[in-house]
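**Student:** Sharing a model that was predicted from the sequence below.
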Amino acid sequence: MLRLSKDKNINTLVNDLISVGWKYNRRKKHGSIISPTGSMIIIPSTPSDRRAFYNFRHAVRVMSKSY
């Protein structure tokens, strides 16, 4: 299990997505994940917003519905 975010919920979600076929891309400050359709989402590595996980999960759901 890769440690990609300090938030445990985001970290778990990203690792689950990688295991089902999404690809992880390392960038300068923040990593990103690429959906099977090619859409990219930036991973918040040190989220300060209390709703960061919910916003990230929503972005993943929107990308998942596109294919």
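**Tutor:** Received it, and whenever you're ready, just let me know what you need.
**Student:** roughly how far apart are residue 55 and residue 19?
**Tutor:** Separation of residue 55 from residue 19 (CB to CB, to the nearest Å): 22 Å. Every C-beta, even on glycine, is put in place using the N, C-alpha and C of the backbone.
**Student:** of these two, who's got more company?
**Tutor:** Neighbour count, other CB atoms under 10 Å: between residue 55 and residue 19, residue 55 has more, with 13 against 9.
**Student:** any idea which helix or strand carries the more buried one?
**Tutor:** If you go by DSSP states H and E, residue 55 is part of helix 52-65.
**Student:** Phi, psi for residue 42 please.
**Tutor:** Backbone geometry at residue 42, expressed as degrees, to the nearest 10, gives phi -80, psi 140.
**Student:** Let me know whether it touches residue 32 as I believe.
**Tutor:** Yes. Residue 42 lies in contact with residue 32 (CB atoms under 8 Å); the separation is 5.1 Å.
**Student:** mind listing the helices for the protein?
**Tutor:** Along the chain, the stretches classed as helices by DSSP state H are 8-19, 52-65.
**Student:** from those helices, which stretch is densest packed?
**Tutor:** Highest mean neighbour count of the helices of the chain: helix 8-19, a mean of 16 (counted as mean count of other CB atoms under 10 Å).
**Student:** tell me which strands and helices that one is in contact with?
**Tutor:** Counting contacts by 3 or more CB pairs under 8 Å, 6 or more residues apart in numbering; DSSP states H and E, helix 8-19 packs against strand 32-34, helix 52-65.
**Student:** Tell me how far that helix lies from the chain's centre.
**Tutor:** Mean-position distance between helix 8-19 and its chain equals 7 Å (CA atoms, centre = their mean, to the nearest Å).
**Student:** Quick one: mean pLDDT for it?
**Tutor:** Helix 8-19 shows a mean pLDDT of 95.
**Student:** just the angle between that helix and helix 52-65, please?
**Tutor:** Angle, helix 8-19 to helix 52-65, by axes from the mean of the first three to the mean of the last three CA atoms, to 10 degrees: 20 degrees.
**Student:** ok, residue 37 to residue 22 distance?
**Tutor:** Counting by CB to CB - residue 37 and residue 22 are separated by 10 Å.
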